[in-house]
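In: quick check, what structure comes out for this input:
(chains A, B, C and D)
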2 protein chains.
Amino acid sequence: MGDVGIRQVALAAGVSPGTVSNVLNRPERVAAGTRERVVRAVRELGFVRHGSASTLRAGHSRIIGLSVIDIGNPFFTGVAAGAEDAAGELGHAVILGNSAGSPAKEERTLRAFAEHRVRGVLITPSGEDTRPLDGLRAYGIGVVLLDRPAYRPGQCSVSVDDVAGGRLAAGHLLGRGARRVCHVTGPAGVRRCRDRERGARLALASAGLDPRTALRTVRAPAMTARAGQEVAHGLLRSGRPPEAIFCANDMLALGVLRVLLQAGVDVPGDVALIGYDDIDFAAASAVSLSSIRQPAYRLGQIATRLLLDECADPAGHAHRQIMFQPELVVRESTG
Amino acid sequence: MGDVGIRQVALAAGVSPGTVSNVLNRPERVAAGTRERVVRAVRELGFVRHGSASTLRAGHSRIIGLSVIDIGNPFFTGVAAGAEDAAGELGHAVILGNSAGSPAKEERTLRAFAEHRVRGVLITPSGEDTRPLDGLRAYGIGVVLLDRPAYRPGQCSVSVDDVAGGRLAAGHLLGRGARRVCHVTGPAGVRRCRDRERGARLALASAGLDPRTALRTVRAPAMTARAGQEVAHGLLRSGRPPEAIFCANDMLALGVLRVLLQAGVDVPGDVALIGYDDIDFAAASAVSLSSIRQPAYRLGQIATRLLLDECADPAGHAHRQIMFQPELVVRESTG
DNA sequence: GAGACGGGGTGACACGTTTTAATAACCTGC
DNA sequence: GCAGGTTATTAAAACGTGTCACCCCGTCTC
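Out: From the prediction side, this is the model:
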């Protein structure tokens, strides 16, 4: 047991190893009767193909690499689940890399991907530097950018329109009658934060307001609940709280919400609050949180299919930049 | 570019391919000067070892498989992060499998692991059936059970003591003066739920109470926030709410908390509430949630090291069943 | 100074598949 | 009945690395 190869199967089925390989990879080339015998032998002997040998000879593996910024973030978890399912359906496995925001760790991860000659890579780049990715292309490894539009046309990407999301959130607050919006966002370097803020500005402008006076931006040091709490304390100390708050993240929003409720502020009566991401916990908080939903699972799923499509036929493949539209979810916090 | 192998390196360094391989795998066998030349050639040519060729020849890969029940659960995410880091440090990659509780999907995952001849497998089994795992052993693939004690001595396992955790939670509620505890738990088939409940019983017994009267168990259909809300509605309808509630899960607890607060119940004044897992959101809820913390990251980390230790020296390796002790985290909900 | 020793390096083979060119068998239409 | 074509199968040659037996040459021992 354990060391049954393609030869043993061939012997048992009374054919040559080449035929067994054909049954495995291009069954249509083999006569039905022969195929049947081979399949039975495979089953009876418990043959499992040796992936490495296959990869070595065929020149490409059945593994894709998935590198995410923060595996602890429910959004990326959703992406990973979608990618894993889609890959599984297409006969591929997924190696996981968690860059944790560190370019060094990301580079290590990509190196490991290259070493295993993965079929392709799904990545949410941690920085703006594209060089590490170009290195992969040298090995003929396809790349699909996740949650960020492609840098240039020769690439696929699957992302969610953060500008539209920001616009949706701020627009919703304005629709409820707010004239001024406080925007709680994350570090300036994070692109998605910048885009969401830009969206908010656009919403204000199309409502005839001047973003310079009607939008107050507060920058949190991190996108965590704790940071949200700190920001909220600051807001309360500095006088009357704003009538409407848009947080770049549900974690921030939950932190803000907690402090507001503890201070006796009525949400949404005194302050309307909306987050972003629509993580599961948004619906479960004391006052359920309005949010902007992103199709995380589908993001991972579509990206994987796109990637494998590119790998299957690099020449005939047309690079696509897919951008999903986010969705407003209204709950009690703006209800 | 892209197709530089061990030979090209050998040529550039003026040595034989065998020596390059030695530099890569047993550097101590190569003289310092030669080694230096080879290392430089590797760097200059941008050589990246072909993992599949290596695996094929050496007979074992540098990949481990990680199969979890639910990648969406923050607890398992923590485990995955720990495993990925530990594996990376030891030069190994991680393939991810998400069984989503389905034995069929788990079997597919394990089959994929076998096909890639992973070095070893980390798994939180979805059921009690051990046969799929025995299949892996036939290929010499090591297995470490995660979050569940080993079925028998010939296996490693890394888990957290759920009985102790249940005891800790219930004991804490009793220490605050409660005489009766309501336990909200998940499906009867889930082992961790059974163990946590058993722990609660033990706590009551050692406080001199009769578990049959002092413990009221309510079973939720799932371990989600929504299910927690339903349970809480039921509790409120059926008369005076219990003085103390222990939920088998933070998700359940958050759902319960939300309903209680909305109904005007004072937490912890009227009802003390404690959850389990200590997910990040527990600290961020309107009334921050007491919980039982499990070292998820360390769990993944230790399990990985144990696994690779076993793979490195199967003969000299002593199987260990490690059980971590959970930790009580007191916050406002029982403060 | 002959033989044993050992560090440092070499070269060829094997790992289990995929693939290609070639062969064998079988039709089709004249 | 035979050329030409189609289909089903085979044999053998790779793929890039790790390993093992062997060789070379300077050192130590008696």
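In: how about stretch A:222-239 and chain B, touching?
Out: Yes: Stretch A:222-239 lies in contact with chain B when judged by Cβ under 8 Å from any Cβ of the partner chain; the contacting residues are A:224-226, A:228-229. To be clear about C-beta, it is placed using only N, CA and C from the backbone, and glycine gets the same treatment.
In: run through who's touching that stretch.
Out: Counting by Cβ atoms under 8 Å, 6 or more residues apart in numbering or on different chains, stretch A:222-239 makes contact with A:182, A:184, A:186-187, A:190, A:193, A:218, A:220-221, A:241-242, A:247-249, A:251-260, A:263, A:265, B:280-281, B:283-284, all of which sit outside it.
In: likewise for stretch A:143-159?
Out: A:68, A:79, A:120-125, A:130, A:133, A:136-137, A:142, A:160, A:191-192, A:299-300, A:302-303, A:306-307, A:310, A:319-324.
In: quick check on the nearest residue to residue A:253 once chain neighbours are set aside: phi, psi?
Out: Spatially, and ignoring its direct neighbours in sequence, residue A:253 is nearest to residue A:275 (3.1 Å; Cβ to Cβ, 6 or more residues apart in numbering or on different chains). With angles defined as degrees, to the nearest 10, residue A:275 sits at phi -110, psi -160.
In: how close does the residue positioned nearest the centre of chain A sit to residue A:265?
Out: The residue lying closest to the centre of chain A (Cα atoms, centre = their mean) is residue A:79, at 4.2 Å. Using Cβ to Cβ, to the nearest Å, we find residue A:79 at a distance of 34 Å from residue A:265.
In: before we move on, what about residue A:146?
Out: As for residue A:146, its distance to residue A:265 is 37 Å (criterion: Cβ to Cβ).
In: re earlier: can you list phi and psi of the closest residue in space to the residue nearest to the centre of chain A that isn't next to it in sequence for me?
Out: In space, residue A:79 comes closest to residue A:300 once its chain neighbours are excluded; the distance is 3.9 Å by Cβ to Cβ, 6+ apart. Main-chain dihedrals, residue A:300, degrees, to the nearest 10: phi -60, psi -40.
In: who touches residue A:300 in this structure?
Out: With contact taken as Cβ under 8 Å, 6+ apart, residue A:300 is in contact with A:66, A:78-86, A:122, A:146.
In: mind listing what's buried along the strand or helix carrying residue A:227?
Out: Mapping residue A:227 onto the secondary structure by DSSP states H and E places it in helix A:225-237. Residues of helix A:225-237 classed as buried: A:225-232, A:235 (neighbour count, 16 or more other Cβ atoms under 10 Å in any protein chain shown).
In: what's the answer for stretch A:13-25, then?
Out: Quick answer for stretch A:13-25 (16+ other Cβ under 10 Å): A:13, A:15, A:19-24.
In: with stretch A:171-188 instead?
Out: Residues of stretch A:171-188 classed as buried under the neighbour-count rule (16+ other Cβ under 10 Å) are A:171-174, A:176, A:178, A:181-186.
In: pLDDT weak spots in the stretch 201-335 of chain A?
Out: Regions of the stretch 201-335 of chain A meeting the criterion pLDDT under 70 are absent.
In: try it again at 90.
Out: A:222-226, A:238-241, A:251, A:262, A:279-287, A:312-318, A:335 (pLDDT under 90).
In: which positions in it make contact with DNA strand D?
Out: Residues of the stretch 201-335 of chain A lying close to DNA strand D (Cβ under 7 Å from any atom of the strand): none.
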